[in-house]
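> Have a look at this fold, sequence not included:
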């Protein structure tokens, strides 16, 4: 199993010491470094800024939201970073949810799988650079069919360093996971739990079995962000992550349309999720966090003393479908090499 480190998206301000973290990660042989976006900081700018201070580590987005940019715009940004980094980009993309897509980007959300399929096809046509790009889809048309009528097919001026930049899909539901297996080079789960491994293996197998599937299980990557909170006191370690779990399970989406909530429900936390969501949507994020059981955090994160963390990596996480464990938290100096080795050994 490979190991990555997650910078994520920002809170109110840029994270501290990230330049030092990525330098330490590269020096210790960490395989990849990842950024994200929601509706504040973007994923590409920090990746390029921090990535410029590295020479080997792969640079991934987990994820770029497809409604934020046209497919040609993201293809341009991807091939630019890929050139500047010497071919180290992993382009993770995702559809996000209706609240962000329609509320923040002002774009329609319906039929996200169909839009994703078209989006990836357009990007790959840009990178292939075989001919001027034309596309007639339900969601994207190149050239645009309305307007002045003066649009013309164009071919990228830049010759991509790699004509086949790896694309990973961020997905949580089984249909979207199957789509990732069919059309992408990898899958980036969110809130993956080892206890749901068989469920996701079945969804991936469905995608691999489709006619024209791009990859097989043997050469497909699954890179999962796993939160990390070290502390000799388990409850104290879990308490640091309960507000994050409550935010996603309770507040990241509307009542009845929260895909993160659905993930935890599939793990068996339906009753708890209903209460967490009720409290969060009522404006009581503090009580919602208190309603998150420690065991629910342990399902999706590495929490507690370093001995426990390393044992769980080996016994619970490594036997799963995951190929890369992206640590959502940089281990303490005294336990850093031990945790990294537990993943890689």
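Good, I have the coordinates. Every value quoted in this text rests on a predicted model; they were computed, and no experiment measured them.

> what bridges to residue 32?
For residue 32, the beta-bridge partners under DSSP bridges are residue 4, residue 58.

> So that it lines up with my notes, have the first residue be 613 from now on.
Right, with 613 as the first residue, what we last looked at is residue 644.

> Quickly note the distance from it to residue 757.
Noted for residue 644: a distance of 40 Å to residue 757, by Cβ to Cβ, to the nearest Å. (C-beta placed from N, C-alpha, C; glycine too.)

> now swap in residue 763 and tell me
Residue 763 is 8 Å from residue 757, where distance means Cβ to Cβ.

> Show me which of these two is the more surrounded one.
residue 763 (13 against 9; other Cβ atoms under 10 Å).

> contacting residues for the closest residue to the more buried one other than its chain neighbours?
By the measure of Cβ to Cβ, 6 or more residues apart in numbering, the closest residue to residue 763 outside its immediate chain neighbours is residue 755, 3.1 Å from it. Neighbour list for residue 755: 746, 763, 764, 765 [criterion: Cβ atoms under 8 Å, 6 or more residues apart in numbering].

> can you rerun that using 10 Å?
Remark: with contacts taken as Cβ atoms under 10 Å, 6 or more residues apart in numbering, residue 755 is in contact with 744, 745, 746, 747, 761, 762, 763, 764, 765, 766.

> can you check residue 669 too?
Neighbouring residues of residue 669 by Cβ under 10 Å, 6+ apart: 616-617, 634-635, 637-639, 641-645, 662-663, 697, 700.

> in stretch 890-899, what's buried?
891, 892, 893, 897, 899 (16 or more other Cβ atoms under 10 Å).

> if I pick the first one, what's in contact with it?
The one in question is residue 891. Taking Cβ under 10 Å, 6+ apart as the test, what residue 891 contacts is 858, 862, 863, 897, 898, 899, 900, 901, 902, 903.

> one more time with 8 Å, if that's ok
Counting by Cβ under 8 Å, 6+ apart, residue 891 touches 858, 862, 897, 899, 900, 903.

> Kindly indicate which of these lies nearest residue 735.
Nearest to residue 735 out of those is residue 862 (Cβ to Cβ; 33.8 Å).

> quick one: residue 651 and residue 712 touch, right?
Yes: assessed by Cβ atoms under 8 Å, residue 651 is found in contact with residue 712 at 5.8 Å.

> returning to what we had before: may I ask which of the contacts of residue 755 has the most neighbours?
If you rank the contacts of residue 755 by neighbour count (other Cβ under 10 Å), residue 745 sits at the top with 20 neighbours.
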